[in-house]
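Trainee: Just the structure for this:
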Amino acid sequence: MVMELIFLVGLLAGSFFTADSAAQKDDPSPYLVYLKSHFNPCVGVLIKSNWVLAPAHCYLPNLKVIMGNFRIRVRDGTEQSVNPVQIVRYWNYNQSNPQDDIMLIRLAKPAVFNQKVQPLALATSNVKPGTMCLLSGLDWSQDNNGRHPDLRQNLEAPVMTDTECQKTEQGRSHRNSLCIKFVKVFARVFGEVAVATVICKNKLQGIEVGSFMGGDVGIYTNIYKYVSWIEAVTKDK
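Mentor: A predicted model of the protein is given here:
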């Protein structure tokens, strides 16, 4: 339980925390992709064979999209590395005031689906407050001292009401938001991944917003608000 709480706060704060002891489990999240670059690592979500959804603040140079098994020392044949050929930020995104923090990445070639590479469906409705959703992201295994995460990790947390969200410092300054409540726990920082995702009823409901983490609330872009834009950009491409 301590390990789970430690990871939860790190996931929602955009930083991943781990304990010195306790074995970590690589949870199945085949929709998660690692956005590898020379700068801070990010995470995206495979939504079609040739499209990845990610935060717009993850627009990084020398980007590689890594799918499948992330563990360098243990290969299982599911590993895939693909270059992006097109990156489309949401038209209203502003780096100095990161509203609408969302973008789409078109892959140079379609992903090959296997047990560790699968697309995730988009939300088809708003999620009700109190719903327990899955927080999905990446972590560093205890024998990994490098820059790049190698484990998928999942935990559950409840969705807050809009009223509760707007009362928080983070929530009142972000529109189209999805707020997640979590317990504050302190631990040693191992590294940073710039995004965590929210999956509700097996569909992508939220993706992390840059510069809107902290305290005891995680703020996520509500994917349902952007479905029509996503479908328009990715249609027949």
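
Trainee: Just the CA atoms of stretch 158-168, as PDB, please.
Mentor: Taking C-alpha atoms only, stretch 158-168 is exported to PDB below (Å, rounded to 0.1, in the frame of the first residue of the first chain):
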ATOM      1  CA  PRO A 158     -11.500   9.200  -8.000                       C
ATOM      2  CA  VAL A 159     -12.700  12.000 -10.200                       C
ATOM      3  CA  MET A 160     -13.600  15.200  -8.500                       C
ATOM      4  CA  THR A 161     -16.700  17.400  -9.100                       C
ATOM      5  CA  ASP A 162     -16.300  20.500 -11.200                       C
ATOM      6  CA  THR A 163     -17.100  22.600  -8.100                       C
ATOM      7  CA  GLU A 164     -14.400  21.000  -6.100                       C
ATOM      8  CA  CYS A 165     -12.000  21.400  -9.000                       C
ATOM      9  CA  GLN A 166     -12.700  25.100  -9.500                       C
ATOM     10  CA  LYS A 167     -11.900  25.700  -5.800                       C
ATOM     11  CA  THR A 168      -8.400  24.500  -6.200                       C
END
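
Trainee: Quick check: the residue lying closest to Met132 once chain neighbours are set aside vs Met67, distance?
Mentor: In this structure, Met132 finds its nearest non-sequential neighbour in Glu156, 4.9 Å apart by Cβ to Cβ, 6 or more residues apart in numbering. The C-beta positions use only the backbone N, C-alpha and C, and glycine is treated the same way. The gap separating Glu156 from Met67 is 24 Å, by Cβ to Cβ, to the nearest Å.

Trainee: what's the answer for Arg172, then?
Mentor: According to Cβ to Cβ, Arg172 and Met67 sit 37 Å apart.

Trainee: Looking at those two now, which is surrounded by more residues?
Mentor: Met67 (26 against 11; other Cβ atoms under 10 Å).

Trainee: residues contacting the spatially closest residue to that one that is not a sequence neighbour?
Mentor: Spatially, and ignoring its direct neighbours in sequence, Met67 is nearest to Gln80 (4.3 Å; Cβ to Cβ, 6+ apart). Taking Cβ atoms under 8 Å, 6 or more residues apart in numbering, we find Gln80 in contact with Ile66, Met67, Gly68, Ala111, Val112, Val117.

Trainee: again, only using 7 Å
Mentor: Residues counted as contacts of Gln80 (Cβ atoms under 7 Å, 6 or more residues apart in numbering) are Met67, Gly68, Ala111, Val112, Val117.

Trainee: can you pull out the helices in this structure?
Mentor: Here the chain has its helices, by DSSP state H, at 2-13, 162-166, 227-234.

Trainee: And stretch 224-231, how far out from the chain middle?
Mentor: 17 Å (Cα atoms, centre = their mean, to the nearest Å).

Trainee: Go through it and flag the buried ones.
Mentor: Tyr224, Lys225, Tyr226, Trp229, Ile230 (16 or more other Cβ atoms under 10 Å).

Trainee: do you know how far the spatially most central residue of the chain is from Tyr59?
Mentor: Residue closest to the mean C-alpha point of the chain, counted by Cα atoms, centre = their mean, is Ala196 at 3.0 Å. As defined by Cβ to Cβ, Ala196 lies at a distance of 18 Å from Tyr59.
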